[in-house]
Structure formats: C-alpha cells, structure tokens
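Participant: Need coordinates for the following:
(chains A and B)
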Protein chains: 2
Amino acid sequence: MPTIKRSVFFVSDGTGLTAEALGHSLLTQFENVEFSQHRKPFIDTVDKAQAIVARINECSRVDGMRALVFTTLIDRDIAAIVHAADAFCMSFFESFLVPLENELGVKSSHTVGRSHDASDSSNYQKRIEAINFTLHHDDGITEHDLEKSDLILVGVSRCGKTPTSLYLAMQFGLRVANFPLIPEDFERGKMPGNLPKYRDKIFGLTIKPERLNKVREERRAGSRYASLENCRYEVAEAEKMMQREGIHWIDSSSKSIEEISTTIMQELQLE
Amino acid sequence: MPTIKRSVFFVSDGTGLTAEALGHSLLTQFENVEFSQHRKPFIDTVDKAQAIVARINECSRVDGMRALVFTTLIDRDIAAIVHAADAFCMSFFESFLVPLENELGVKSSHTVGRSHDASDSSNYQKRIEAINFTLHHDDGITEHDLEKSDLILVGVSRCGKTPTSLYLAMQFGLRVANFPLIPEDFERGKMPGNLPKYRDKIFGLTIKPERLNKVREERRAGSRYASLENCRYEVAEAEKMMQREGIHWIDSSSKSIEEISTTIMQELQLE
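Facilitator: Numbering: from 1, shown residues only, chains lettered A, B, ... in the order given. A predicted model of the protein is given here:
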C-alpha cells in the first residue's frame, strides 16, 4: 500500500500538550499514513490565530491535500478563526464541552489555560519537592528520610529505575527513592541497608538479560559488568531475591516509562 | 452557588494518561463542580471491563448522580461494555476515529496501546539518553560535552532550572544542561566558564525576588542567601547580564513547568 502524507497541526491557547497527546494517539491508529506534525501553542490572540491560519492554508496548498488540525481552544472567536482554515479541523473542546454543560447543568467558564495552572500552587510545590526528593534519593545515594518516600524502586543497575523515578515525581508528585541491587547484595542474600523495613512500599524492576547486556555494552563495552553471562547472573539473582522478599516486580524490557509507572501506581495503589 | 459533586472515571486500554489529560482540561472549565477523579488503566479484557462497569455503577448509585466516564478504548467490544455503564460516557476515540477514517480514506488499525509504544525504541532510547545527559549536566556540574546539548538553561539558584531541564529531557528527548548564575559571575561580569561560546542555545529563567525569597527561605531560613535584599540583588544582576549577552529569558514565577518548557521550545525553535 502506498504511503499517504499529511500535515497535522495541534493548535491551542495553552501549551498544546493535551491536543498533541490525544491527536497523536488517534494518528498512531493509521499505520500507512505519514504525518508531519506541528504543535502550535499559545494561540491566544486574533493576530496569532490569523497567522496560524495563513500557515495552515499554505501547508494545505503545498501538500495538495488539506491539513489536519486538532484544537483545544477555549475562546470562541479564536476557535472560529482557526476552524475556518482550509483544513480538516477537529475541536476537542467543542465536541465535549456542550454535552458536559448539559449533563452538569452549569455553564463552563471558558477560561484559557487552566489545565496547567501554576497558581494551583500547592500541587506545583508538591511536584517540585517530589523532584528534589527523587534526585536526592537516586541510585542508593542515601537512606536518609526514606520514611518520607512514597515508593522505593529496586533492581539491577541500568534496568530503568532512574527515568521511572523521575517520571513518577514529575507527573504525579510522588517522592521516589531507588536502590540498585548489586552482586554484594546477592552474596549476603539481603536487600541493601534498611530496605527490608520498608518492604510495603518497595517495587522491583527487572529486565531481560539480553536487553540489559545491550544497554550496558553501550556504556562499558567489553566489560565483565556488561557481559551477557553476568547480566544473566544478576537478573536471576535479583528476581530470586525479590521473590523471596515477597516484593512485586515487573519486567521493564518492552514497556514505556509511562506504562511502567502506571503499572506500579496501580499495584501499590498510589494515587 | 452550591458546590456540585460528581465522580469521574478515565478508562483506557493503555495508561489512561491521555484520557485523563483531556478530561482534566475539560473539567477545569467547571469551577463550581467538585470532581472525584479516578484513572483506570489497562482495561483490555472483557472481565476487566465488566469489573470497572460494576465499580462505576456502584459509584453512580452511592452518589445519587451518574458518574462521568471518559474513555480511550480501541477494542470495540470492550468499549461497548464500558459505554453501557450507568454513567455519562464520552469516548475520545469513537468521536474522532470515524471522521478521521473518512478524511484519510483508510481504515484505522484499531490496535491497543500504540501511543506509548516502547517498541518505537529509537524514540525511547533518545529519551533515556536525554535524561542521563541532563542529570549529568545539572546545576553546572560539568562543561564536558556541552557541544552535544540541545539547550543550556541559566538563572539564579532556585529559579526552576532543574525541573524544567528534566521535563524537557523526559517529554521531548532534549539534552539540557543548566548553570546557576551566582554572585561571582556578576562580579566578573561574565557568564560562567565557556558558556559565551554556546550563546545561541542558551536560554534564561528569571523569577520575582519575592517568590525567590520564599523558595529559598524554605531551604535555608534566615540566611543571607535567602534574604529578600540578596534575592533582589541577584535577580537584578542576572537580568542585566542576560540582557547584555543578548540571551532570551522568561519569568518562571507564575508559570507551570509545561508552560515554561513550551515557551522555551518555541523561542529557540526546538522541536
């Protein structure tokens, strides 16, 4: 089947991140179409709306096919300008706000930019503090303040603990510590330090030895540490230890950071 | 006006993050309604769908008002089960997939979980590498490899450089270094180290002295470092330096991490 090419614009009066996320998940359902995607944030004046329409129309003309436009625009006048572009426009707000107003029996406030509102500052502060906590408790740096953590990740070196920890802190304001499980721990047959005390909030990550081998080779090519044999040993020992300690774990090998994080939150009932 | 309370479910066969993001931005348009929000990810079997319907129905019964349900469900059978719940259901996919199919002239693949697909591994690797780069170039730790950075953030201590850097790395795979501007730099009248060499990819953050004072007081209460007088001095000097060096900057005081990040990407044309 020949590949079709289409230009796509995500237009918003805010960051456009929501329009892009939903638009992107719709577009991934069309495998044989190649989409050239553009996020256009902060379109919050008539001038900016007219400029973006000119850009969209030019794109449709050059492509010889009208562009796809996904919008999250609150202001009705600006939305009307953008939706008059020579394009196939889908409005995420228009489609749902009116039905929601009817269901709730109240009018929406039509206020721009509330979804990432920084003035919701208790939530903002919580995220910043969680990021700081998580940075200060990365890779087993310290056991200080572990009682204040929401979650403690364990797993062999390079299995994805740090990105997962930071994502959980950034997105959900969770204070996450992470500790590597290393050969010394396997020899002693015990989790590092005081971790057994916090068993209820520990979650394990594991990884396929073949994938771990690849990841480690990129950092220390040819080392014993990176060798497939050692990766097999470490992964088997780590899984044995987690099983013995009764710790839940998942295999991170074929999962995105978002999927790993969501699974952990679900299993530990963090919200 | 009395506050209305409603239960809300975000139901997805994937992480549910997209359903939650769009649902959340719709709900923030209703100020006088108190929403109790639940994300229900990985609803990808008939059994799980039936269990979640039981949960939703119970919630509608207890509330005495039907729940709101936002879904991103690809499988039509599972979607049909969930949408039969005693609730007000809005399907983000159903509403847009069919119009998109018509516009594109092709059928969608109806494949679950493509939007955070880890098998798109070049993108995944890029994010992981960007996070590692950013962690290793936080807070002026090193000038090593700065030529490989996509962006260098500068600003006074505690103005939001670290969370912004990590967000840009995590979300967009950008390699971000950040350097504090400190009193010694102001005395020398020069940006730290080799930074002037990279002027084109430097972006500044600034902050209102009153807010900086509050943030610093939380860390080092009563110190000269945290004092309003010193905060005023540092912010004024940093802004003077950025102006002299011709560096773009924004005030982070009332912006979310997402808004700051989006603004920076827009100004430096990073995509």
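Participant: Poorly predicted segments of the stretch 1-150 of chain A, please.
Facilitator: Applying pLDDT under 70 to the stretch 1-150 of chain A flags the ranges A:1-2, A:111-121.
Participant: Do a quick rundown of the helices in it.
Facilitator: Per DSSP state H, counting those that start in this stretch, the stretch 1-150 of chain A carries helices over the ranges A:17-27, A:46-63, A:76-83, A:92-104, A:121-136.
Participant: Quickly compare the ones you listed and say which is most buried.
Facilitator: helix A:17-27 (a mean of 24; mean count of other CB atoms under 10 Å in any protein chain shown). All C-beta atoms are positioned from the backbone trio N, CA, C, and that covers glycine.
Participant: Minimum distance to chain B: which of the helices of the stretch 1-150 of chain A has it?
Facilitator: Closest approach to chain B among the helices of the stretch 1-150 of chain A (CB to the nearest CB): helix A:17-27, 3.7 Å.
Participant: Briefly note if that closest one comes near chain B.
Facilitator: Yes - with CB under 8 Å from any CB of the partner chain as the criterion, chain B is reached by helix A:17-27 at A:17-18, A:21-22, A:24-26.
Participant: what does stretch A:170-189 give?
Facilitator: Yes - judged by CB under 8 Å from any CB, stretch A:170-189 comes into contact with chain B at A:170-171.
Participant: Equivalent analysis for stretch A:196-203, please.
Facilitator: No - Stretch A:196-203 does not reach chain B (CB under 8 Å from any CB); its nearest approach is 15.9 Å.
Participant: Buried residues, that stretch. List them.
Facilitator: Buried positions in stretch A:196-203, judged by neighbour count with 16 or more other CB atoms under 10 Å in any protein chain shown: A:198, A:201-203.
Participant: just stretch A:208-226 next, same as before
Facilitator: Buried, per 16+ other CB under 10 Å, within stretch A:208-226: A:208-209, A:211-213, A:215-217, A:226.
Participant: do stretch A:173-193 as well
Facilitator: A:173-181, A:185-186, A:191-192.
Participant: How about stretch A:235-247?
Facilitator: A:235, A:237-239, A:241-242, A:247.
Participant: before we move on, back to that, going by distance to chain B, which of the buried residues of stretch A:196-203 wins?
Facilitator: For the buried residues of stretch A:196-203, the minimum distance to chain B (CB to the nearest CB) is 15.9 Å, reached by A:Phe203.
Participant: right, and the helix or strand after the helix or strand that contains the closest one?
Facilitator: Using DSSP states H and E, A:Phe203 falls within strand A:202-206. Using DSSP H and E, the helix or strand that follows strand A:202-206 in sequence is helix A:209-219.
Participant: how about that following helix, does it get close to chain B?
Facilitator: No - in terms of CB under 8 Å from any CB, no part of helix A:209-219 sits within range of chain B; the closest distance is 8.6 Å.
Participant: Kindly report the same for stretch A:252-264.
Facilitator: Yes - among the residues of stretch A:252-264, A:254-259, A:261-263 lie within reach of chain B under CB under 8 Å from any CB.
Participant: Which of the residues you listed are buried? Put it as a ChimeraX command.
Facilitator: Filtering those down to the buried ones (16+ other CB under 10 Å) takes a single ChimeraX command:
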select /A:255,256,257,258,259,261,262,263
